[in-house]
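Participant: Dropping the sequence and predicted coords here.
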Amino acid sequence: RGLVVVVAMGLCGTSQASEYDPRRVNPPVVPFAFEPLQWGAVTPGGWIRDWAMAARNGAGSPTRSPFATVKVKGESVNGWKGGRPSLGGFWDEDSAYFIDGMTRLGLVLHDDELIARVKEDFDFVLAHPYQFHNTFKGDAIEGWVRSIYSRGMLAYYDGTGDKRIIEFLATAYSNYTAADSTCPVFVDGECDQEHQGSRSLTQMEALLEGHAYGGPAAMKDLALALMGPGSTNGGYNFLQTLLSGCATNKTAVEAGECEQHAHGVTFNEVAKLFAMGYSWSNNASHRTASANAYAMVEAYDMQPYGVNSADEDMNGISPNVATETCDVSDFIYSNSWMLRILGDGAYGDALERAFHNAAPGAVNRSFDGHVYFQAPNYAMGTPARDPEKFIEEYYHLPPCCTGNQVRMLPNYIHHSWFGADGGLACTMYGPSMVNVSLSGTRIVIVSETDYPFDSTVTFTVKSGGLTFPLLLRVPGWLESHLNVTVNGEVVQPTVDPRRSAFVRLARLWSAGDVVVVTLPLEIRATRSVTINNGWVGNRSTSAGKVSGAHTHGAQSRKVGGPPLLGGGHQNVTADLPYCIVERGPLLFALPLEGVVDEPTTCGAPLSNRDKSGGRMLRLIPNTSRETCCAACSADPACTAWVRQPSTGDCWPCRDTDGTEPATDREIFPMPSRSATFGFAVLCDAAKMSVSTASAVAQPFDWPLDAPVKIEVTAARFNWTSGPWLLPDAPVVATEKEMVNLTLIPYGCAKVYHISMFPVLHT
């Protein structure tokens, strides 16, 4: 609905159009391992559709998101269609993210209203090219923001066939040179090397994709020049660093010789570009550079919830470092590219781990509030530079994550299916439908499942009549093998010879055929140790480094002072033991959130808060929280505000006016007054047990009453340092201190939780 399926005649004439996406008329020199499908070919079902609809009606809504309701200095924030583009004036990336996410969400949901809204935005920019080349302040817009906005434009073209998009981008870049990506923006007289330098390299994506969709070859040539030795945008230096061998050299990493100290978003956005370039350059070193980058992240910065630490820069593996929500969205997107290009199932594992853990951990249950930072362990009293960044706010400042959060779902949904060898590949298991034309035959396959809460995935061919291979990913966490039946008969898929961790079923597929895949979901208890990625002291400012002056996160720990979550780099203590509990791609956590059955009221704080549609928003800047605390302290029945123990700050509570209590409650969940986190876990899967619900409740919103739970053996102990600092040795306990704990999926536990547990001495 609302989509037009047309084969576009590229500006260079028609070349070899992709069978899977006929708008792609210029294929890369090195074929992708997986061919992308046309946007709109994959739609979500079941619990994922529930979640996508929550995003559509919340943070991604054209009428209810902050970009539709919030005014900054009296001006409406309405994207790039002639109004103020940014919630916070922070490089305008937030609105570019939002338009890209709304475009993609509209395409996977076939939502006419969303598509009509982004069309207004694109129409305005197409009619006023100045908006693409300049900010509303009259300064040259950075290439980084332009690249984000271009993604939305290209997705819109792919889903609708609006040829103006490709013509516009070809014209926009026709007079652009590699030198233009060096540093057209200066801050205080000095080059903003990160955002106008390294991140400007991301325009490679707009150029390469623009060419793939029919733009002139000059776009491709310029893209490859941007990462060449003649460029000074920082990308070439990054490429050389990744090829130097440091990424696989522990001594070099810990000595700070690699780019793992970059801002997390910068790293994720730039690291994938070389693999993209490889598809067009056929230079194997480009592929190697990107693979090395993500291997390094996995080894030195991968938090248990599946996304690298980044508060704001990458900073090791530990409960006392956090992850910015932008990194969650960008990590999912970047790994979808790595999977597409290289065909390695490990990138699929990374995708689903991030999507099923860090993604729900970043947003509230109604998807109209989000955190700026999340951490593996977080409890009331955790010392943080800005505690509000760990609260599920309507929007945060800087507002980059407010715009970026919407992109997580459609990018995962769309990339759960690809084309391969004339057939189809299911790369991500989940409820969905894929609808494509192969060799002139309409193929429709519906996937029904509650995975990853349940182990069975049922594929039903609704329209068929063609012989082709169906590829299935074998997850890296799987300890046995896929159990597969076709029409009730057990079959043994063959190993795919080209792609790592994929098997294939090649046969004549007819309407009514049913494939049942069972993925044994075993509990895994993994004991590991914290990792220091080599950072000591302040962030790197070395010439040519990707890291730069992303100042709103640049606050390092004072020597001898307490660690501050979200406060820049911490000196992570290495080799502290911890235990994590997983089942399939799901990480499990001890929830600390309480449940409030009835809304509470407190009149005074309302005068200090902004409201939109009954939803509680962030504090208006410069208002006094002390006033609110004083009002509540005078009324013992009022719990709208509580004092944060370690700092004395006042934190907002849920349900301040009784309006839409479920929504208000989820924007500001609070830990239960009786919650405690002082537990060490017996890290032995054989001593753990699982319980599951008969079905996932719908509409699904990652409930506290989770569909799957794991019971573990633990012991109480006096965790005096707090859950952000692990004990330096396993905890010794007596029998009387032993207890059973019930863990739930990390995404269901939301803000307040423990997922990196101290180890109980056996």
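Facilitator: Structure received.

Participant: Surely V321 is in contact with T573?
Facilitator: No: V321 is not in contact with T573 according to Cβ atoms under 8 Å; the separation is 11.2 Å. (C-beta placed from N, C-alpha, C; glycine too.)

Participant: Span of stretch 354-364 from start to end?
Facilitator: One end of stretch 354-364 sits 16 Å from the other (Cα to Cα, to the nearest Å).

Participant: hang on, the earlier thing: who has more neighbours out of V321 and T573?
Facilitator: V321 (31 against 16; other Cβ atoms under 10 Å).

Participant: Surely that one is in a helix?
Facilitator: No: under DSSP: H, G, I helix; E, B strand; the rest coil, V321 falls outside any helix and is assigned coil.

Participant: Next, it: phi, psi?
Facilitator: phi -130, psi 150 (degrees, to the nearest 10).

Participant: Tell me the pLDDT of it.
Facilitator: V321 carries a pLDDT score of 88 in this model.

Participant: ditto for A662
Facilitator: Confidence score, pLDDT, at A662: 30.

Participant: With the one 4 residues further on instead?
Facilitator: Each residue has a pLDDT score; the one for E666 is 33.

Participant: swap in P605?
Facilitator: 31.

Participant: start at 40 instead
Facilitator: Okay, residue one is now 40; in that scheme the one you just asked about reads as P644.

Participant: neighbours around V68, how many?
Facilitator: V68 - counted by other Cβ under 10 Å - has 11 other residues nearby.

Participant: In three-state terms, label it for me.
Facilitator: coil.

Participant: Quick check: chain neighbours aside, which residue is closest to it?
Facilitator: Spatial nearest neighbour of V68, excluding adjacent residues (Cβ to Cβ, 6 or more residues apart in numbering): N321 at 5.0 Å.

Participant: And the one you found, how far from V69?
Facilitator: 5 Å (Cβ to Cβ, to the nearest Å).

Participant: Looking at the two, which is more packed in?
Facilitator: Per other Cβ under 10 Å, whichever of N321 and V69 has more neighbours is V69, with 16 against 12.

Participant: phi, psi of the more buried one?
Facilitator: Dihedral angles for V69 - degrees, to the nearest 10 - are phi -100, psi 110.

Participant: Check S760 too.
Facilitator: Phi and psi for S760, reported as degrees, to the nearest 10, are phi -80, psi -20.

Participant: Now do the same contact list for it.
Facilitator: Neighbour list for S760: P766 [criterion: Cβ atoms under 8 Å, 6 or more residues apart in numbering].

Participant: Run through the stretch 690-801 of the chain and note the low-pLDDT ranges.
Facilitator: Low-confidence segments of the stretch 690-801 of the chain, defined by pLDDT under 70: 690-714.

Participant: Quick one: the strands in it, in order.
Facilitator: Taking DSSP state E, counting those that start in this stretch as the test, the strands found in the stretch 690-801 of the chain are 718-720, 728-731, 747-755, 777-784, 792-793.

Participant: Please identify the most buried of those strands.
Facilitator: Across the strands of the stretch 690-801 of the chain, the average number of neighbours (mean count of other Cβ atoms under 10 Å) peaks for strand 792-793, which reaches a mean of 28.

Participant: who touches it?
Facilitator: Everything outside strand 792-793 that qualifies as a contact, by Cβ under 8 Å, 6+ apart, is N416, Y417, A418, A628, L629, P630, L631, E632, F716, F718, P762, Y785.

Participant: ok, and the closest non-adjacent residue to the fifth one?
Facilitator: To tie it back to what came earlier, the one meant is L629. Closest to L629 by Cβ to Cβ, 6+ apart is I793, at 4.4 Å.

Participant: Quickly list what the one you found is bridged to.
Facilitator: When bridges are called by DSSP bridges, I793 pairs up with N416, L629.

Participant: thinking again about what came up before, would you turn the strands of the stretch 690-801 of the chain into JSON lines with distance to S329?
Facilitator: Formatted as JSON lines, the strands of the stretch 690-801 of the chain follow (distance: least, Cβ to Cβ, whole Å):
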{"stretch": "strand 718-720", "distance to S329": "36"}
{"stretch": "strand 728-731", "distance to S329": "37"}
{"stretch": "strand 747-755", "distance to S329": "35"}
{"stretch": "strand 777-784", "distance to S329": "30"}
{"stretch": "strand 792-793", "distance to S329": "32"}
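
Participant: Relative to P769, which of those is closest?
Facilitator: strand 718-720 (7.3 Å; Cβ to Cβ).

Participant: just to revisit the earlier point, per-residue confidence, the residue nearest to V68, what does it come out as?
Facilitator: So N321 comes in at 95 (pLDDT).

Participant: cool, S581 as well?
Facilitator: pLDDT, S581: 28.

Participant: same deal with P437?
Facilitator: pLDDT at P437 comes out at 82.

Participant: now the one 4 residues further on
Facilitator: Among the per-residue scores, T441 holds a pLDDT of 92.

Participant: and it, what element?
Facilitator: helix 439-443 (DSSP states H and E).

Participant: residues in contact with that helix?
Facilitator: Outside helix 439-443, the residues that reach it (Cβ under 8 Å, 6+ apart) are 98, 105-106, 126, 129, 132-137, 140, 304, 363-365, 368-369, 401, 409, 411, 434-435.

Participant: Okay, now the unreliable bits of the stretch 540-689 of the chain?
Facilitator: By pLDDT under 70, the weakly predicted segments of the stretch 540-689 of the chain are 573-610, 632-689.

Participant: and if you look at the stretch 190-339 of the chain?
Facilitator: Scanning the stretch 190-339 of the chain with the threshold set as pLDDT under 70 gives 216-237, 268-275, 293, 295, 298-300.

Participant: how about 50 then?
Facilitator: Applying pLDDT under 50 to the stretch 190-339 of the chain flags residues 221-235.

Participant: where do the helices sit along it?
Facilitator: Along the stretch 190-339 of the chain, the segments classed as helices by DSSP state H, counting those that start in this stretch run 203-211, 242-251, 256-265, 274-282, 289-293, 303-310, 312-320, 323-339.

Participant: so which of the ones you listed gets nearest D767?
Facilitator: Among the helices of the stretch 190-339 of the chain, helix 289-293 sits nearest to D767 (Cβ to Cβ), with 19.1 Å.

Participant: Report the distance from the closest one to the chain centre.
Facilitator: 27 Å (Cα atoms, centre = their mean, to the nearest Å).

Participant: mind checking which of the strands of the stretch 690-801 of the chain is nearest F207?
Facilitator: Taking the strands of the stretch 690-801 of the chain one by one with Cβ to Cβ, strand 777-784 is closest: 43.4 Å.

Participant: same for the closest one, what does it pack against?
Facilitator: Strand 777-784 sits against strand 625-630, strand 718-720, strand 747-755, with contacts defined as 3 or more Cβ pairs under 8 Å, 6 or more residues apart in numbering; DSSP states H and E.

Participant: Quickly run through the sheet partners of that strand, with directions.
Facilitator: strand 625-630 (antiparallel), strand 747-755 (antiparallel).

Participant: Make JSON lines out of the ones you listed and add distance to A332.
Facilitator: Shown next, in JSON lines, are the strands paired with strand 777-784 (distance: least, Cβ to Cβ, whole Å):
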{"stretch": "strand 625-630", "distance to A332": "23"}
{"stretch": "strand 747-755", "distance to A332": "33"}
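
Participant: need the contact list for L477.
Facilitator: E58, G461, G462, L463, L505, F507.

Participant: So which of the residues you listed is surrounded by the most neighbours?
Facilitator: Neighbour max across the contacts of L477 (other Cβ under 10 Å) = L463, 26 neighbours.

Participant: which of the helices of the stretch 190-339 of the chain sits most buried?
Facilitator: Note that of the helices of the stretch 190-339 of the chain, helix 303-310 is the most buried (mean count of other Cβ under 10 Å), with a mean of 28.

Participant: then that helix to PDB, C-alphas only?
Facilitator: What follows is helix 303-310, C-alpha atoms only, in PDB (Å, rounded to 0.1, in the frame of the first residue of the first chain):
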ATOM      1  CA  GLY A 303      31.600   4.700  19.100                       C
ATOM      2  CA  VAL A 304      29.300   6.100  16.400                       C
ATOM      3  CA  THR A 305      32.300   7.300  14.300                       C
ATOM      4  CA  PHE A 306      33.900   3.800  14.500                       C
ATOM      5  CA  ASN A 307      30.700   1.900  13.500                       C
ATOM      6  CA  GLU A 308      29.900   4.300  10.700                       C
ATOM      7  CA  VAL A 309      33.500   4.500   9.200                       C
ATOM      8  CA  ALA A 310      34.600   0.900   9.800                       C
END
